[in-house]
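Engineer: Could you work out the structure for the sequence below:
(chains A, B, C and D, ligands or ions: 2)
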Amino acid sequence: MKVAIITFPGSNCDYDLYKCVQLVGGNPEFLWHRDSSLGKVDAVMLPGGFSYGDYLRAGAIAAMSPIMAAVKEFADHGGPVLGICNGFQVLCEANLLPGALLPNTSLLFASKEVTLSVENNSTIFTDLYESDRSLRMPIAHAEGNYYADEETLERLEEDGRVMFRYLGPQGKPTNESNPNGSANHIAGIINTKGNVMGMMPHPERAVETILGSVDGLDLFKSLLNHISASKRV
Amino acid sequence: MSSPQSRPGDPQITPELVSEHGLSPSEYQKIQGILEREPSYTELGVFSAMWSEHCGYKNSKRMLKLLPTKAPWVIQGPGENAGVIDIGDDLALVFKIESHNHPSAVEPYQGAATGVGGILRDIFTMGARPIAVLDSLRFGDLNSGRVRYLFSGVVQGVGDYGNCVGIPNIGGEVYFDKGYEGNPIVNAMCLGLMKKDSLIKGEAEGVGNLLVAVGTATGRDGIHGATFASEELNEDSQSSRPQVQVGDPFTEKLLLEASLELIHSGYITGIQDMGAAGITSSAAEMGGRSGNGVEINIDWVPVREPNMTPYEILLSESQERMLVVVKTGHLKEVQAILNKWELEADEIGCVTNDGLFRVTEENKTVAAIPCLALTEGCPTYEREGKESPEIKSLRSKDLSHLKIKSSGYENIFLDLLGSANIGSKRWLYNQYDTTVRTNTVIAPGEADAGVIRLRESNKAIAATTDCNGRYVYLNPRMGAKAAVAEAARNLVCVGALPMAVTNNLNFGNPLKSEIYYQFREAVLGMSEACKLFETPVTGGNVSFYNETSSTPIYPTPVIGMVGIIDDIKHLTRPFFQESGDEILLLGNNTDELGGSEYLYVSEDLVAGEPPIVDLLAERQLQHSVLSMISKGLLQSAHDLSEGGLACALAESAFGNETNPFGVDVVLQDRLEPIPLFFGEAQGRIIVSCKKHSGNQVLQTAKNHGVPCRLIGEVVPASSGFRIAGRTVSVELDIETMSDRFFNAIPDLMNQKNDP
Amino acid sequence: MSRIRLEIRIVPRPGLLDPEGKAIQSGLQSLNYTDIHEVRVGKILLIELDADSTQDAINQATSMCQRLLANPVTEDFLIKLHEDSENSE
Amino acid sequence: MSRIRLEIRIVPRPGLLDPEGKAIQSGLQSLNYTDIHEVRVGKILLIELDADSTQDAINQATSMCQRLLANPVTEDFLIKLHEDSENSE
Ligand SMILES: Nc1ncnc2c1ncn2[C@@H]1O[C@H](COP(=O)(O)OP(=O)(O)O)[C@@H](O)[C@H]1O
Ligand SMILES: [Mg+2]
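Structural biologist: Ligands and ions are numbered 1, 2, ... in the order given. Okay, here's the model as predicted:
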């Protein structure tokens, strides 16, 4: 599986993602934001970090990078695209996903481990998760407050495009356990075609026992399986 | 020596002007002697910055010479941008601590942010990739609105900068005490990792090589910051302060990547951050270290504002700038690397062979001073030191008459757990990215020290910062020993062998004899302890003049210590693991309450003799715990510090909120309950082990000559917390305790009143 | 071509939660400014550019806002000629 | 008492580095808006409050700025009556 990891000026989880893709047996490759073509790749990942210092709005300036035109084209042709944290923000700003990520309602950077529900386990990113599994993984962001207008939210919910939600200690989403004020406690969403996913939590930081959780592994493995299966066809 | 011409518009040099530059008449005479003429205005500015306390260490250098700096594993001791030690496997660990107290008192957010920026540059200019940050903070009482403003601004500044660059925060400390009311302390420590052979130094090698300025253009910000940091704050500080420096972590991240790429490219011979005193200090220091000279063409320096004079350009402290020495003929390649990272690189001068720090403007010399005169030549002083009689009498205060308040031991205990100094620091470190780079195995709040695993080997690096300023205030020599001992103990509790120290000496005005006394005593205590623990000092920083309206802070010599965990499987945490596990106490409980958090919280008192540190006993204690850990005997280890035995047990019981336990502990000591539960006697560690393996722990302690006894067992959280002495037993339920502990700081921060 | 200074205001859309505005309002209320009904917080960009005419400058700025400066999902913008420099207290 | 709407503009002091402005400028330049000389970024607060008179409102706002809203070390502020609501594209 050849995975392009896009590095923008200010990306800082690019290397973490690289290691993680290697760990699950993928073949990662860095692409620079000024590149204009992706080459032959099986998936594209946009890492976390602070592209352009998060200035103006998180992800806004990066969304205008030359490489993003190629990413859009790749996504239009059904290629899998995953945006994590800042990558999710870039995908929203680039209109590859609906909505926007506003500042956390606390107005503070939020760094901690959260619990997530898997809301849809029949996508290329999640099909190895059992439906009732709850995942532990870190968040680390200042702008993770997912916002979309009512209509968009309804459509996301109806189509099962909400991928992950923040859970409270009782296994239910609550306002107290929502770390950033996101609408409907949303932690990640997917596009209508099911090939572009964005999420605020960091699955790539939850892939080794020594890091405290391995709950992110199945996400990358799901994608890997899907790609090798589609190659066999 | 070629004389510089004076520039139109330069003010006349008068005794007043000299004194405004922080130079004494005799220092000015010395300058005249060095130059064999009057200095120009520009040169006066240059001397003023280089001979400031901040750059020249004039009141501290002689004492600092007393610190141990050598060991077989030390690759680079004091004198460079950062210290370096050999950690095996061809790897070197680079680390340093730096203060930004004065800027943070004026503008907490930017002050703290630029403090982190500066220390990161110190690390990556050595050729190392930063792998972790720690922060050591001190504030006044959180009941004051102003203090809450400073605290939240500083925490956000530390967080935003490190988060954006992508360096995990793995620990630190924060204390709140009226002693820091007007003068917060903001110290940031950074660790970096590199291959041993990538080490590069801040030296201007190779006559004819180019001096290249990299990064942000120079503005008028922070002019005379170094001199400013060498003065007391007063009401005027708001208006007379230099233009505040604004940090740009985004540019820093690009500088970091570009610098590491440059260093590996082989096109450069030296690199240094333009920190305090900007271009001046970086160029003069690089020239001084190599024995060569440097020439700077002021017209070539990229500036952000019109009409800047050489004086301003030379002394600006604009952030995110570096000075690089480029091998002749390789400017193009260097520029290509920088441009890839969207950075500019401009030639601003070259390395010369005349030993001079020379500055020209339109081909006219505006400054020509021997580099060494600026660096090594800075006059140094040993001041008179005398203990303050007031502090002496505080220390000798008789504490034996203290009666407990009618509210009872349970309430005292809860008040301590809910004090800002003992309560959880989660409010703060939840604003720091602690897991980026996916190497953090112990994050803040998870143990006594932070731990980063090395992907390249089985080893892990542990780091901590420590200093209880109250102890140092009451007894500087003992307090400094306690800081070193606690740092080492913290490392040992996670399973690491202490290796080396960086230190940040935060004090008041050294020209006052009672302050110089504190300084000298603290250095002596630190020196003695570092020698005994075999943890040489590889660098550090001195911050004097931490005073507002003449009230100095508590003397606060912060110890940053690094250690190595030989095999990551020995990693140990402070939290209890299983009901039924046995709890053992190593070390002795004694009747010591001086300087304790109990006195501060319950009696509003900072007095008494601080706890005595027995360095030899401490070392045996630490060796014994390391040996227990390497035998795999321990389920947990936690050092005792503020709040004493009761608070340490509480932290081990429910500090890990997702897996809380209760405890049942019985103590036979012949001590009054208060010192027994809450006294802060040094040299103690609580450990837990599997049921029935207590004997092995006892045996190991005995072999090391360390007092050790079984004091109780871990019980389910639902069974509650019980600690019993001979006469008094304290029982509480875990939820009540944990509630006070975790909400201590949030509750204080949620108060509303005028800032 | 002449040098033109514009100001671009970017404010959260009406109806959108504005936590920063809320925080400032409650901060002010705790300082006893009790007669405040609402605070909303936006961004202001002061841009200096070369353009053929004022209208040209405004057109350029409009397209900048549409393409980059404002997020249509959450923000409205308003472009004006910049009158003059700020005064401090 | 009447309901008065003010706008308070808070911008970084001249000479102070404005990294956000710089980043936005270079973002715009890479979208081919090349004639931009400077971008500076500030905040705008729209405040609705009850006051005895316009002057009273402005006085109140001035004191709010001095006490809380503007950072005297890094920012200048300017208070104006708010003319009318924002328009979007
Ligand atoms: N300023 C800080 N930055 C990061 N972590 C901090 C800071 N202050 C405290 N911590 C973390 O909070 C935890 C508790 O700190 P502290 O109360 O000082 O513990 P101890 O007394 O056991 O050393 C530690 O893990 C420490 O690293
Ligand atoms: Mg401590």
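Engineer: Show the contacting residues for residue 161.
Structural biologist: In the absence of a named chain, this looks at chain A. Neighbour list for A:Arg161: A:Asn120, A:Arg155, A:Ile189, A:Ile190, A:Asn191, A:Thr192 [criterion: C-beta atoms under 8 Å, 6 or more residues apart in numbering or on different chains]. Glycine gets a C-beta too; all of them are placed from N, C-alpha and C.
Engineer: hmm, I had chain B in mind actually
Structural biologist: B:Tyr161 sits in contact with B:Ala112, B:Ala113, B:Thr114, B:Val116, B:Gly117, B:Gly247, B:Pro249, B:Glu252, where contact means C-beta under 8 Å, 6+ apart.
Engineer: which SS class is the second one?
Structural biologist: So the one you mean is B:Ala113. helix (DSSP: H, G, I helix; E, B strand; the rest coil).
Engineer: Can you get me a residue count around it?
Structural biologist: 33 (other C-beta atoms under 10 Å in any protein chain shown).
Engineer: Could you do B:Ala217 as well?
Structural biologist: 17.
Engineer: swap in the one 5 residues further on?
Structural biologist: The criterion is other C-beta under 10 Å. On that basis, B:Gly222 has 25 neighbouring residues.
Engineer: ok, residue 54 - contacts?
Structural biologist: Here I'm looking at chain A. Applying C-beta under 8 Å, 6+ apart, the residues near A:Asp54 are A:Gly10, A:Asn86, A:Ala142, A:Glu143, B:Cys164, B:Phe250.
Engineer: try chain C instead
Structural biologist: By C-beta under 8 Å, 6+ apart, C:Thr54 lies in contact with C:Ile4, C:Leu81.
Engineer: Same question for the one 10 residues further on.
Structural biologist: By C-beta under 8 Å, 6+ apart, the residues touching C:Met64 are C:Ile8, D:Leu28, D:Leu31, D:Tyr33.
Engineer: Assign the last one to helix, strand or coil.
Structural biologist: Under three-state DSSP, D:Tyr33 falls in the coil class.
Engineer: For it, grab the count of nearby residues.
Structural biologist: By the criterion of other C-beta under 10 Å, D:Tyr33 has 18 neighbours.
Engineer: Do I have it right that it meets C:Leu49?
Structural biologist: Yes: using C-beta atoms under 8 Å, D:Tyr33 makes contact with C:Leu49 at a distance of 7.5 Å.
Engineer: what touches both of those two?
Structural biologist: Taking C-beta under 8 Å, 6+ apart as the criterion, D:Tyr33 and C:Leu49 both touch C:Gln60.
Engineer: Tell me the residues on chain C that lie near chain A, please.
Structural biologist: Residues of chain C found near chain A (C-beta under 8 Å from any C-beta of the partner chain) are C:Leu16, C:Leu17, C:Pro19, C:Glu20, C:Ala23, C:Arg67, C:Leu68, C:Leu69, C:Asn71, C:Val73, C:Thr74.
Engineer: Let's see which of the residues you listed end up in strands.
Structural biologist: Taking DSSP state E, every one of these sits outside strands.
Engineer: Just the buried positions in the longest strand seen in chain C, please.
Structural biologist: For chain C, the longest strand by residue count, based on DSSP E, is strand C:36-51. Buried residues in strand C:36-51, counted by 16 or more other C-beta atoms under 10 Å in any protein chain shown: C:36, C:39-49, C:51.
Engineer: Likewise for stretch B:377-394?
Structural biologist: B:Gly377, B:Cys378, B:Thr380, B:Arg383, B:Gly385, B:Ser388, B:Ile391, B:Leu394.
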